[in-house]
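> I would like to see how this sequence folds:
(2 chains)
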Amino acid sequence: MLSRLLLLLTALASLSQGSRAHGTELPSPFSVWFEARFFEHILRWTHIPVQSESTYYEVALKKYGNTTWKDIHSCRKVQASSCDLTKFTLDLYRSRGYLARVRAVDNNKYSNWTVTETRFTVDEVILTVGSVTLEVTHDRVFGTIHPPRPQIVPAGDEYEQIFENFRKYMVSIRKIQEEKNTTMTVEQENFSLKVPREMGEFCIKVKPLVETRSNRAEWSEEQCLHLTEQYFTLTNLSILFTSILILCGALVCLALQHYIRRRPRKLPAVLVFEKPHDFLPVNPVCPETLNTVHILDLEAFRKVSPELRDSVLHGSTDSGFGSGKPSLQTEESQFLLPGSHLQAQGTLGKEELLELRDSCGDNTDSGICLQEPSLHSSMGPAWKQPFGFTSQGQEDNDINLIQSSPGQPKNTQSDSALDHVHILEPGVSEEKDQVTVTSQGYQKQTQWKEGAADPAGHVDKELSLTDDFDPKLRVCLQAELTWPPPALAKGYLKQESQGVTPAPAGTQSKQWSQLTEEWSLLGVVSCDDLSTEGWNFAPKLAPLDYGAAPGGLLDSFDSNLATLPLISSLQVEE
Amino acid sequence: MKTPCISHWLLGMALILCSVHTRSLRRCLSSVDVHHIEQSFWGIRRALQTKDTFKNITILSSLKNLDSIKPVDVCCVTRHLLTFYRDRVFKDHQETSHKVMREISKIANLFLQMQNTLEQCQEKLQCGCSQEATNATRIVQDNYNQLEVSSAALKSLGELDIFLAWIGKNHRETSAA
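Residues are numbered from 1 along each chain as shown, chains lettered A, B, ... in the order given. Take a look at the predicted model:
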């Protein structure tokens, strides 16, 4: 009996050893655990210490509280150490949890099962974020946190529904240069951070959490941003563009001004003397000057003598007439300014104006300018004031330009303080033996208002200026003065003056005789036909003496004088 | 005709009162208290569950059947389970680790606070137990009795997460949204 019991016990022991050898031939995995994220449930285990190439592992799964294990055949892989059990645990977040076990198998040798130490529940799920979007605008960083969105998630089990309440996110900002972290907690998936521009480069990462849970969480991938000073902002660019436009406009204006200044000035085509308007400033010196150009009566005009023709009556910058050679050299340019005729005449004809225009290129005179071609260009004779003649003392607002010929005695005048200058000089004659009468400066004939009623007195006054003048000239002047005042007041007659030496008083009679002889033409206003040799600008000749002496002579010359051209004298009729 | 109207009116009022009662009860236990227990439990969960050798048996798993419990029974079931843990589980468990023991004591104290809060709400509102609620709590106690006391207590402590999840679901405050 006892022997039978011993045999039975031995058989049972051998059987149990055999079974243990079958189950324990292979060591079991040391540990089995779940590593899960949101709908990513991975079962992991450790390999057995001694495994062959044919060793594989069996995985089984069951719900907590059930008694039946479910084998997961898809996890039977050689030398595998993990298995995705997500699709077998889809209700994890609404159940009490799962248990899993693993054993090693090799050549029909099985190890023991190793069971997970804890229940696999939602509390073991590691919280993560799907992605983080960062947007930099000016000085703020706007972030958007995207929860995980696995495709295997069943409907109704999204992250926001599983963890419906108390979701929060930790945002960490790390400045690269300083390696300093700043962490803040936001309660929504959208957040904004105010980052100063001088922060430079920094990195942001996000970690989710649920305030009522103790789940572990992982940080998202770090995203780095680099902020720099926005120099090229819209405002800055608009300011820069506006500044460039203004600068270009200023440069264009300067260039235009420079171009305009460098352009040669052109004389006005037509010098039209109109009746002064009320609002126009009146010449303070000659307020009643008639700036009209009277058309000359060509028939009444007698050809000017060559001397007169050659006389240089240069244009000036004054507002009166200026006579020049071109105008005298042509018949059309010969003009006569009779007193009565001139009053009825209007402005010059166009032809005369054109001639004047051409000859007065550089003349700033607002009146008619009769100018030599030589004077039109810069090659003209140099002008200079005569000795003792200054324009400062004159109230004449016109420029007095006097041409001084070399070798010619310069004209000297005594007192030029009067309103007008009486320098009647003919043009320069190249022949020395010719009596050339050149006048210096301008003859301004604007102040006849006082002398209109008393031409004699005016004559006296005029003669006082011409104390140094030759009697011939004086006579000429007197003749002009006694003429009926013309209707014109055409400004100034600029005459080129040659050096005229005043003749002594004793030669007056001789000079007068010469004057009558040569007075066969309508004398130029400047009395060009008068010889300059006998001219004597004696300053101390008594005006009365001269006034009386020429009076008788003038009577005889009335007929001639009446036809004398008034080229040299432009009287202002008041 | 007036009688049906009155009956309908009374029924509507009863339903309104029940809903108000339920909502009021739900507001008795704040989610913050449950969270504190969960935090304490998470620290000792692995230690407790690792020692559980009877993984095929569950004590509180029958609560899954209580997911369909009516709102009016939630108060009764909650009150009975809180009493079960205070009177049997915490007293029967023998813990050698001081860290674990500290956390268990913390959890026990929080359970007492929850029980006091719930009793104050019950003074204002009726918290009667139906037959279904009574049957649910009796199953839990029967499962606890099938195991050895230490193993049962250990397993019950290990299933605190189930109980706390059920409390949070049934006693969750209405969100601000």
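> shaky segments in the chain?
No chain in the question, so chain A it is. Within chain A, the stretches with pLDDT under 70 are A:8-24, A:197-199, A:228-233, A:263-574.
> sorry, I should have been clearer: chain B.
For chain B, the stretches with pLDDT under 70 are B:1-4, B:14-32, B:61-68, B:122-126, B:172-177.
> which residues does the residue nearest the centre of chain B contact?
By CA atoms, centre = their mean, the mean C-alpha position of chain B lies nearest to residue B:78, the distance being 3.6 Å. Residue B:78 makes contact with B:29, B:118, B:167, B:170-171 under the criterion CB atoms under 8 Å, 6 or more residues apart in numbering or on different chains. C-beta here means a position set from N, CA and C on the backbone, and glycine is covered the same way.
> between those, identify the one with the most neighbours.
residue B:29 (25 neighbours; other CB atoms under 10 Å in any protein chain shown).
> closest residue of chain A to chain B?
residue A:65 (3.4 Å; CB to the nearest CB).
> look up phi and psi at that residue.
The phi/psi pair for residue A:65 (degrees, to the nearest 10) reads phi 100, psi -10.
> skipping its backbone neighbours, what lies nearest residue A:122 in space?
With sequence-adjacent residues excluded and distances taken as CB to CB, 6 or more residues apart in numbering or on different chains, residue A:122 is closest to residue A:93, at 4.8 Å.
> I'd like the next helix or strand past the strand or helix carrying the residue nearest to the centre of chain B.
Assessed by DSSP states H and E, residue B:78 sits inside helix B:71-84. Counting by DSSP H and E, the element after helix B:71-84 in chain order, helix or strand, is helix B:90-92.
> can you pull the buried residues of that following helix?
Neighbour-count burial for helix B:90-92, counted by 16 or more other CB atoms under 10 Å in any protein chain shown, picks out B:90, B:92.
> quick check: residue A:62 touching residue A:69?
Yes: counting by CB atoms under 8 Å, residue A:62 touches residue A:69, with 4.6 Å between them.
> and residue A:48, that's in a strand?
No: Residue A:48 is assigned coil when assessed by DSSP: H, G, I helix; E, B strand; the rest coil, not a strand.
> does it touch residue A:56 like I think?
No: using CB under 8 Å, residue A:48 makes no contact with residue A:56, being 10.8 Å away.
> need the overlap of contacts for the two.
Counting by CB under 8 Å, 6+ apart, the contacts common to residue A:48 and residue A:56 are residue A:104.
> the two - which one has more neighbours?
For residue A:48 and residue A:56, the more surrounded residue by other CB under 10 Å is residue A:48, and the numbers stand at 19 against 16.
> so who does the more buried one touch?
Taking CB under 8 Å, 6+ apart, one finds A:26-30, A:55, A:104, A:111 in contact with residue A:48.
> among those, name the buried ones.
The neighbour count (16+ other CB under 10 Å) marks A:26, A:28-29, A:55, A:104, A:111 as buried among the contacts of residue A:48.
> and the longest helix for the chain?
Went with chain A since none was named. Longest helix in chain A, counting residues (DSSP state H): helix A:234-262.
> the intended chain is chain B.
When chain B is parsed with DSSP H, its longest helix is helix B:98-124.
> report the angle between the helix or strand just after it and helix B:71-84.
Downstream of helix B:98-124, the next assigned helix or strand under DSSP H and E is helix B:131-146. Counting by axes from the mean of the first three to the mean of the last three CA atoms, to 10 degrees, helix B:131-146 points 30 degrees away from the direction of helix B:71-84.
> re the thing from before, what about the buried ones among the contacts of residue A:48, which are in strands?
Under the assignment DSSP state E, those contribute residue A:104 to strands.
> show me the two of the buried ones among the contacts of residue A:48 that sit farthest apart.
The distance between the two most remote of the buried ones among the contacts of residue A:48 (CB to CB) is 12.0 Å, for A:28 and A:55.
> joint contacts of the two?
Residues touching both residue A:28 and residue A:55 (CB under 8 Å, 6+ apart): A:48, A:104.
> excluding residues flanking it in the chain, which one is nearest residue A:163?
residue A:210 (4.9 Å).
> quick one: residues contacting that neighbour.
By CB under 8 Å, 6+ apart, the contact set of residue A:210 is A:127, A:163, A:166-168.
> can I get these in a markdown table with secondary structure?
Converted to a markdown table, the contacts of residue A:210 look like this (three-state DSSP):
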| residue | secondary structure |
| --- | --- |
| A:127 | strand |
| A:163 | coil |
| A:166 | coil |
| A:167 | strand |
| A:168 | strand |
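> now which of the residues you listed would you call buried?
Buried residues within these, counting neighbours by 16+ other CB under 10 Å: A:127, A:163, A:167.
> return the member of those residues nearest to residue B:69.
Using CB to CB, residue A:163 comes nearest to residue B:69 of these, at 23.9 Å.
> if we can go back for a sec, report the entries of the buried ones among the contacts of residue A:48 that also contact chain B.
Restricting these to those touching chain B (CB under 8 Å from any CB of the partner chain) yields no residues.
> any idea which of the buried ones among the contacts of residue A:48 is closest to residue B:103?
Using CB to CB, residue A:29 comes nearest to residue B:103 of the buried ones among the contacts of residue A:48, at 29.7 Å.
> close enough to count as contact, that closest one and residue A:114?
Yes: using CB under 8 Å, residue A:29 is in contact with residue A:114, at 4.6 Å.
> between those two, what contacts are shared?
In contact with both residue A:29 and residue A:114: A:45, A:102-103, using CB under 8 Å, 6+ apart.
> of these, which is the most crowded?
Per-residue neighbour counts (other CB under 10 Å) across the shared contacts of residue A:29 and residue A:114 peak at residue A:102, which has 29 neighbours.
> contacts only, for it.
Counting by CB under 8 Å, 6+ apart, residue A:102 has contacts A:29, A:32, A:43, A:45, A:57-60, A:113-114.
> CA atoms only for the helix or strand containing it, dumped as PDB, please.
In this assignment (DSSP H and E), residue A:102 forms part of strand A:98-106. Output of strand A:98-106 as PDB, limited to C-alpha atoms (Å, rounded to 0.1, in the frame of the first residue of the first chain):
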ATOM      1  CA  TYR A  98      -7.600  46.500 -19.100                       C
ATOM      2  CA  LEU A  99      -5.000  43.900 -18.100                       C
ATOM      3  CA  ALA A 100      -2.500  42.400 -20.400                       C
ATOM      4  CA  ARG A 101       0.000  39.600 -20.100                       C
ATOM      5  CA  VAL A 102       2.900  38.300 -22.200                       C
ATOM      6  CA  ARG A 103       4.900  35.100 -22.300                       C
ATOM      7  CA  ALA A 104       7.900  33.900 -24.400                       C
ATOM      8  CA  VAL A 105       7.600  30.900 -26.700                       C
ATOM      9  CA  ASP A 106      10.500  29.100 -28.300                       C
END
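> and the gap between residue B:46 and chain A?
Going from residue B:46 to chain A by CB to the nearest CB, to the nearest Å gives 5 Å.
> that residue belongs to a helix?
Yes: judged by three-state DSSP, residue B:46 forms part of a helix.
> could you work out the most separated pair of the contacts of residue A:48?
Among those, A:30 and A:55 lie farthest apart (CB to CB), at 14.4 Å.
> give me the neighbour count for residue B:74.
22.
> how close does the closest residue to it other than its chain neighbours get to residue A:91?
Spatial nearest neighbour of residue B:74, chain neighbours left out: residue B:170 (4.6 Å); criterion: CB to CB, 6+ apart. Computed as CB to CB, to the nearest Å, the residue B:170 to residue A:91 distance reads 19 Å.
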